[in-house]
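# pasting a predicted model and its sequence here:
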Amino acid sequence: MASRTAFVYDSSLPLHQLETFFIRHSKDVFNRLEFSRALEAARALSDQKHFVKVMDIDALVVVDNVIRAGFEIKTLRESVVNYRDANGWYVKVNGTQYKTYMDFVAKTGIDVYYLIRVQGWSGVYFYLWSVKRAPVRFEWLGSREHETYDYYALIRREKVAKLDEEELAKTLRDILLGR
């Protein structure tokens, strides 16, 4: 509701531009679903059993005709992304997806970064780290009773950059373009 309200009171973008954006976005979601179903049908038609994974890297950044990095981009609430145990604070993300990115990095040499927009109590901030360089621990967490039990990648918070919007732009510049 808040998003729609923002579009009502901020008329800097004409409705026809918003309509075009949302129609294209909806088609993109549909295309991904259609592709996934086609892949599943292809697997079923195969004479051999295959385990098929589909990676959805949100952004591949190409600078001067060279792929510099991939980015997994998320928006999470502070209470969801942060995890604390007896050993300290961690950033928590999907473990299966993280392992797939680790395989991708190892096989291609292209680093993948997690960029998480965190909605915190005191406002918005960003977490950013490299899959290639950040030490990670994998663990099953949550409650089976409440259907929140899942496999997670845990990255120590001191290995993750916590950035505001201005720091994010500078850090991305350094990663992708050098100083």
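Happy to help now that I have it.

# and the next element down the chain from the one helix or strand Asp103 maps to?
Assigned by DSSP states H and E, Asp103 belongs to helix 95-108. Counting by DSSP H and E, the next helix or strand C-terminal to helix 95-108 is strand 112-120.

# just want the angle from that following strand to helix 95-108.
150 degrees (axes from the mean of the first three to the mean of the last three C-alpha atoms, to 10 degrees).

# which elements pack onto the helix or strand just after strand 112-120?
Going down the chain from strand 112-120, the next helix or strand is strand 123-130, by DSSP H and E. Judged by 3 or more C-beta pairs under 8 Å, 6 or more residues apart in numbering; DSSP states H and E, the packing partners of strand 123-130 are strand 112-120, strand 161-163, helix 165-177. All C-beta atoms are positioned from the backbone trio N, CA, C, and that covers glycine.

# then strand 123-130 to CSV, C-alphas only?
What follows is strand 123-130, C-alpha atoms only, in CSV (Å, rounded to 0.1, in the frame of the first residue of the first chain):
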residue,chain,number,x,y,z
GLY,A,123,16.6,3.5,8.6
VAL,A,124,18.0,1.8,5.5
TYR,A,125,21.5,0.5,5.2
PHE,A,126,23.3,-2.0,3.0
TYR,A,127,25.4,-5.2,3.6
LEU,A,128,28.0,-6.1,0.9
TRP,A,129,30.5,-8.9,0.7
SER,A,130,32.3,-11.2,-1.7
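
# strands paired with that strand, and their directions?
Note on strand 123-130: by DSSP bridges, its sheet partners are strand 112-120 (antiparallel), strand 161-163 (antiparallel).

# got the ones you listed as CSV, with mean pLDDT and mean neighbour count columns?
Formatted as CSV, those follow (pLDDT from 0 to 100; neighbours: other C-beta atoms under 10 Å):
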stretch, mean pLDDT, mean neighbour count
strand 112-120, 95, 19
strand 161-163, 97, 15
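
# other residues contacting the helix holding Asp103?
Contacts to helix 95-108, defined as C-beta atoms under 8 Å, 6 or more residues apart in numbering, come from residues 53, 55, 57, 70, 72, 110-112, 131-132, 136, 138-139, 150-153.

# and for stretch 55-71?
Here stretch 55-71 has contacts from 32, 72-73, 100-101, 104, 110-115, 175-177, using C-beta under 8 Å, 6+ apart.

# if we can go back for a sec, of all the strands paired with strand 123-130, which lies closest to Val80?
strand 112-120 (9.0 Å; C-beta to C-beta).

# tell me the angle that closest one makes with helix 165-177.
Going by the same axes, to 10 degrees, strand 112-120 makes 180 degrees with helix 165-177.

# the strand ranked longest in the chain versus strand 112-120: what angle between them?
Identified as the longest strand of the chain according to DSSP state E is strand 66-77. Between the axis of strand 66-77 and that of strand 112-120 there is an angle of 30 degrees, by the same axes, to 10 degrees.
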